[in-house]
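# need a structure here:
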Amino acid sequence: MEILNILIERHIELLREENIEITAEDALGRLVAKYVKWNGLGILRVAASALEDANLRAECEVVERMANELKGETEIQSSESKVETLTEEALGAFWEIIASRFPEAKHGDLSPLRTLALSRAATTAVKEWIDNNVLPQRENENS
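As a prediction, the model looks like this:
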């Protein structure tokens, strides 16, 4: 506990040098945020752990729900990001095949509007394919 107090006091001193006044709680919060690399889920988990340690069960449950919601949003974002990455890879392979059939082509130009439309259509198709072919199998495995 003594080391933690030293860290907090030192952080307050460093901020004072920059003409920033903060409380010890704010300093601890900033240190926690830096420790978990500004990850919102990590910050919420630290807060939940602190509330549990203080036997503030109801407050802990609220923060845990927030963390679970954030985790779900992060997983959805990650999933959407994976679909976008997969789609980009697939379109790259698609254009490689097209270019290989036309070696005389010097450029791979396509209008921005058509490029956007193709990307959107491909992303929608990949999502639908995953929904129809991957997710039902995972649901069956979990049943």
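
# what about the residue nearest to residue 130 when sequence neighbours are not counted, which helix or strand?
Among residues not flanking residue 130 along the chain, residue 83 sits closest, at 7.1 Å (Cβ to Cβ, 6 or more residues apart in numbering). For glycine as for every other residue, the C-beta is placed from the backbone atoms N, C-alpha and C. Using DSSP states H and E, residue 83 sits in helix 57-101.

# so how far is that helix off the chain centroid?
8 Å (Cα atoms, centre = their mean, to the nearest Å).

# for it, what is the average pLDDT?
Averaging pLDDT along helix 57-101 yields 86.

# swap in stretch 130-140?
The average of the pLDDT scores along stretch 130-140 is 70.

# one step back: how much does the helix or strand following the helix holding residue 83 deviate in direction from helix 57-101?
Moving toward the C-terminus from helix 57-101, the next helix or strand (DSSP H and E) is helix 112-133. Helix 112-133 and helix 57-101 are oriented at 120 degrees to each other (axes from the mean of the first three to the mean of the last three Cα atoms, to 10 degrees).

# tell me what helix 112-133 is packed against?
Counting contacts by 3 or more Cβ pairs under 8 Å, 6 or more residues apart in numbering; DSSP states H and E, helix 112-133 packs against helix 57-101.
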